[in-house]
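**Q** fold the following and give me the result.
(one chain, ligands or ions: 1)
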Amino acid sequence: MLALSSNHPLYLAGHPLHLSFNMCSISTKFWVFGYISIAALGEADKRLLPSPSPPAVPPPSLHKNRAMSSFSNGSGSKKLPQAIIIGVKKGGTRALLEFLRVHPDIRAVGAEPHFFDRNYENGLEWYRDLMPKTLEGQITMEKTPSYFVTREAPARISAMSRDTKLIVVVRDPVTRAISDYTQTLSKKPDIPSFESLTFKNRTTGLIDTSWSAIQIGIYAKHLDNWLQYFPMDQILFVSGERLISDPAGELGRVQDFLGLKRIITDKHFYFNQTKGFPCLKKAEGSSKPHCLGKTKGRTHPNIDPEVVQRLRDFYRPFNMKFYQMTGHNFGWD
Ligand SMILES: Nc1ncnc2c1ncn2[C@@H]1O[C@H](COP(=O)(O)OS(=O)(=O)O)[C@@H](OP(=O)(O)O)[C@H]1O
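**A** You can find the predicted model right below:
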């Protein structure tokens, strides 16, 4: 699999940022709210506000594949996913997928296919072939967290099926950025400090919004792109924080959203003191307890509290906008 890190400078290349809102997808209430927020933003921040995306047309070769969503072969068939965890990177997407796999009516591909961002040219049949076989009534799922910040992903997923259910695990963007940095640091120990990467100019306090660790957390901007193609009630937002503090509660919401019986309950989880996270009493297809691996739940480096505060100030208006758009206060401010 092509391993282009989402911290790679090319990752968000070509994602222009303009000061404009799409009136079709955002309520008047939100527009008024957004307008007030805009006034409070600095010049650099204004460039980050949501902009409408031109509709992307799927390659003609994919149109013919749209109807061919399953391939029968004995014990079940491979189907295109009906539900996708589209983000966010470092939000808790692996935990959510691992927990969902406990459900007998969910079958999921373990690896991240990266179809709608890096592998789209391979075509839908390539994508479908990655999926596990499912029986009638079972839901096929995958997770690729980079979809949420991929400009073309909404149009492409909509072209596959307008009915695809989308799930986004969101987490405090400041902690998310530090988690993202921690992951990069674990692979490249020589990178500059988080503090120095955060600013374009530390003296003026200008934040480097082109750094993907910062960019990904501007959820309102990315969400606006999805709302050009999907109605809000087709997108479920899972709190990354609650996924840790109350996994059964968040899993209940997800099962409802997917139209499934609430089979995954608090009986399935225990809190592992050593890991510091909830774990499964029994993993899918096993009778043994299961925690996520070492790359999940890393210790974060200490970050200068002034830098953390500056980032909190930076994200606040975007968080407010995101709460307004989703109708849910995630409590990060
Ligand atoms: N149960 C459980 N066990 C371990 N880790 C958990 C769990 N629930 C949520 N998390 C949080 O998931 C964070 C990693 O997020 P992702 O899986 O989305 O990362 S990735 O984008 O796929 O790399 C990871 O981030 P870090 O703590 O920064 O490592 C965890 O905080």
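
**Q** tell me which stretches of the stretch 1-150 of the chain form helices.
**A** Counting by DSSP state H, counting those that start in this stretch, the stretch 1-150 of the chain has helices at residues 28-40, 43-46, 60-63, 93-100, 124-130.

**Q** and the fourth one, how far out from the chain middle?
**A** Taking the mean of its C-alpha atoms, helix 93-100 sits 12 Å from the chain's own mean (CA atoms, centre = their mean, to the nearest Å).

**Q** can we start the residue count at 704 from this point?
**A** Sure, I'll start counting at 704 from here, so that last one is helix 796-803.

**Q** helices or strands next to it in the packing?
**A** Applying 3 or more CB pairs under 8 Å, 6 or more residues apart in numbering; DSSP states H and E, one finds that helix 796-803 makes contact with strand 786-790, strand 809-811, strand 842-846, strand 868-873, helix 943-948, helix 950-960, strand 980-983. Heads up, the C-betas are built off the backbone N, CA and C, glycines and all.

**Q** what residues are bridge-paired with Ile938?
**A** Taking DSSP bridges, one finds Leu869 as the beta-bridge partners of Ile938.

**Q** mean pLDDT lowest where, among the helices of the stretch 704-853 of the chain?
**A** The stretch with the lowest average pLDDT out of these is helix 731-743, scoring a mean of 27.

**Q** below-threshold pLDDT in this structure: ranges please.
**A** For the chain, applying pLDDT under 70 flags the ranges 704-777.

**Q** which residues are in contact with stretch 963-974?
**A** Contacts to stretch 963-974, defined as CB atoms under 8 Å, 6 or more residues apart in numbering, come from residues 802-803, 805-809, 842, 950-951, 954-955, 958-959, 980-985, 992.

**Q** of the residues you listed, list those near the ligand.
**A** Restricting the contacts of stretch 963-974 to those adjacent to the ligand (criterion: CB under 6 Å from any ligand atom) gives 980-981.

**Q** what residues sit buried inside the helix or strand containing Asp1016?
**A** When elements are defined using DSSP states H and E, Asp1016 is found to belong to helix 1008-1029. Of the residues in helix 1008-1029, those with enough neighbours to count as buried (16 or more other CB atoms under 10 Å) are 1010-1011, 1013-1014, 1017-1018, 1020-1029.

**Q** just stretch 789-796 next, same as before
**A** Neighbour count says stretch 789-796 has 789-796 buried, by 16+ other CB under 10 Å.

**Q** surely Ser899 and Arg905 touch.
**A** Yes - under the contact definition of CB atoms under 8 Å, Ser899 touches Arg905, with a separation of 7.1 Å.

**Q** for Asp832, state which of the buried residues of helix 1008-1029 is nearest.
**A** Nearest to Asp832, judged by CB to CB, of the buried residues of helix 1008-1029 is Thr1029 at 34.2 Å.

**Q** the closest one and Phe940 touch, don't they?
**A** Yes - the pair Thr1029 and Phe940 passes the contact test of CB under 8 Å, sitting 5.3 Å apart.

**Q** tell me who's in contact with His993.
**A** With contacts taken as CB under 8 Å, 6+ apart, His993 has the following neighbours: 801, 982-983, 985-986.

**Q** need the max-distance pair from those.
**A** Longest distance between any two of these is 11.7 Å, between Glu801 and Lys985; criterion CB to CB.

**Q** out of the two, which sits in the more crowded spot?
**A** For Glu801 and Lys985, the more surrounded residue by other CB atoms under 10 Å is Glu801, and the numbers stand at 20 against 12.

**Q** OK, contacts around the nearest residue to Gly840 once chain neighbours are set aside?
**A** Distances taken as CB to CB, 6 or more residues apart in numbering put Asp808 closest to Gly840, at 6.3 Å, once the chain neighbours are dropped. The contact partners of Asp808, taken as CB under 8 Å, 6+ apart, are 840-842, 963-964, 966.
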